[in-house]
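**Student:** Requesting a structural model of the entry that follows:
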Amino acid sequence: FGEATASLISRAPFFVEMRTPRTLTEGDRPVVLARVHNLTEQDGEAELRLRILNEGFEQTLPMQVAVEAGSQAEVSFGFDAGVPLIDSLRFELEAIGRFGETELLASAADEVVVRPWGMEVADFASGVLSSESVFELSLPAGADYRDRILELSFGSDLADLVVDAAMDRASLYELRQKRIVSTQVATASRLVGATRALAMLESLGNAHPQAQALRERAESLTVALIARQNEDGGWSWSGGDGQQSEPETSARVMQALAAARTLGIPVAAQAADRGTQYLLASFQAASQRENERKAVLLYALALHGRGDFGTANRLHRLRNELSPAALAYTALALLEMDRRPMAVEIAELLATKVDGQQGASVVANRAFHRSRLEMTALAALVLQEAMPRSEATRQAMDWLLDHRPWFEDRGRGIATAAVANWVAASQPEPGDV
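**Tutor:** Predicted coordinates for the structure are as follows:
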């Protein structure tokens, strides 16, 4: 018997990377960067061929480049003509490396969405269907519109609507726009929505056919977030390698991980502990004037058993000076710390900032919390817990339901969570849409 530890590094002696634009717009003349890596011990040359193709469209661009031993070389491919209006372009890079008598092959591929040139305009309406229902849609007059889409979506009940949103089933409009989740906050919001949807199904007591798929999605989102945790325990805005951790983003991720753990979804203890330590350090570093940041961090820490009542009490005393986002997170933190009477007092103030026509106010919020969809959903979550029978709660929920589909990446998950909570609490009759 014994124990040993060893390290193994596996890498190809010759490979290529391709840098393509994230998206393209009709008429663009993109430049694609190719980087050739020669990890052999011989100088050589690489013959490159970039194929650009789509149904009915294909172009091949050749290139040759010398690459010294143990180094890399870069070349760029440019378009001679503007990109046509098609759904997407596929880029396939093939490389043949010749090093003495040795010939090595490498390849890379990517697909890039092509968007129409011009401004996107959309209108939408939703509600309960009856024999006399009328929904009106209109686009601003005086514009020359093209590529028009009309999408109709029908659902049997709100529970199915919640599940569809939590599963992130894209609408036709979204598929055409190819909206991509690109931030850790958006991923965290989706995880919150998925966990609240699962809790809703459990409260309804029915075996929904999508329950297992929904749990697997929540597990996948959890793994994705943990995989993007930085060495300091926090998370960056984009999740890219080498990006600096950001307090609000990290707080939102830790809130989502707490929701996952509550439903029995595995969250590595080390990841949670490192995240908590990062939040504590950020909390201590935030100045007394940064009330909104303090509130966001406070709620995340409370969910992980490290809430600071002294700060919660101070924010409660300053409630008339707080932004809508700070009010919401302070109320949620107080509820988590079992200080319901104080939370209700803050919720009553937050209720004055909810309007049936405009949703929740974002005035005075920091840039991080300027989404009206997300702010209205956040207010709805607070009001459901603290003032479930209030008029403001109904207005917030009506606004969310009237503004479906929710196109916004980071707001969709919180809106899903708010409706899931509402369905679980109200047990709507079948047939509601």
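
**Student:** buried ones in the helix or strand encompassing Val423?
**Tutor:** Per DSSP states H and E, Val423 falls inside helix 409-426. Using 16 or more other C-beta atoms under 10 Å as the test for burial, helix 409-426 gives 409-424. C-beta: built from backbone N, CA, C; applies to glycine.

**Student:** nearest to Arg252, of these?
**Tutor:** Of all the buried residues of helix 409-426, Arg252 sits closest to Arg410, with 8.6 Å by C-beta to C-beta.

**Student:** Quick check: the closest residue to that closest one other than its chain neighbours vs Gly413, distance?
**Tutor:** Distances taken as C-beta to C-beta, 6 or more residues apart in numbering place Ala186 nearest to Arg410, at 4.4 Å, with adjacent residues excluded. Counting by C-beta to C-beta, to the nearest Å, the gap from Ala186 to Gly413 is 7 Å.

**Student:** what do you get for Ala106?
**Tutor:** 39 Å.

**Student:** try Ala211
**Tutor:** 18 Å.

**Student:** still on that earlier bit, neighbours of the residue nearest to Arg410, how many?
**Tutor:** 20 (other C-beta atoms under 10 Å).

**Student:** Got the phi and psi for it?
**Tutor:** For Ala186, the backbone dihedrals (degrees, to the nearest 10) come out as phi -60, psi -40.

**Student:** list the contacts for it?
**Tutor:** 409-410, 413 (C-beta atoms under 8 Å, 6 or more residues apart in numbering).

**Student:** again, but for Phe99
**Tutor:** Counting by C-beta under 8 Å, 6+ apart, the residues that Phe99 touches are 14, 38, 40, 42-44, 69.

**Student:** Also His208?
**Tutor:** His208 neighbours (C-beta under 8 Å, 6+ apart): 159, 163, 201, 214.

**Student:** Take those residues and keep only those in helices.
**Tutor:** 159, 163, 201, 214 (DSSP state H).

**Student:** Restricted to buried residues, select those in ChimeraX.
**Tutor:** Entered in ChimeraX, the line below selects the buried ones among the ones in helices among the contacts of His208, by 16+ other C-beta under 10 Å:
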select :159,163,201,214
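
**Student:** helices or strands next to the helix or strand harbouring Leu280 in the packing?
**Tutor:** Under the criterion of DSSP H and E, Leu280 resides in helix 269-285. On a contact count with 3 or more C-beta pairs under 8 Å, 6 or more residues apart in numbering; DSSP states H and E, helix 269-285 meets helix 247-262, helix 291-303.

**Student:** could you check the angle helix 247-262 makes with that helix?
**Tutor:** Orientation check (axes from the mean of the first three to the mean of the last three C-alpha atoms, to 10 degrees): helix 269-285 against helix 247-262 gives 140 degrees.

**Student:** For helix 269-285, buried residues please.
**Tutor:** Under the neighbour-count rule (16+ other C-beta under 10 Å), helix 269-285 has 271-272, 274-276, 278-283 buried.

**Student:** got it, and stretch 220-234?
**Tutor:** 221-222, 224-226, 228-230, 233-234.

**Student:** Need the residues that contact it.
**Tutor:** 184, 187-188, 190-191, 194, 235-236, 239, 243-247, 249-250, 253, 256-257, 260, 265-268, 271, 274-279, 282.

**Student:** now the stretch 201-350 of the chain, which segments are flagged as low pLDDT?
**Tutor:** 206 (pLDDT under 70).

**Student:** picking up where we left off before, show the average pLDDT along the helix holding Val423.
**Tutor:** In this model, helix 409-426 carries a mean pLDDT of 91.

**Student:** which strands and helices sit next to it?
**Tutor:** helix 158-166, helix 184-204, helix 372-386, helix 391-402.

**Student:** what angle sits between that helix and helix 372-386?
**Tutor:** Going by the same axes, to 10 degrees, helix 409-426 makes 30 degrees with helix 372-386.

**Student:** please begin residue numbering at 33 from this point
**Tutor:** Right, with 33 as the first residue, what we last looked at is helix 441-458.

**Student:** Right, I'll call it a day here.
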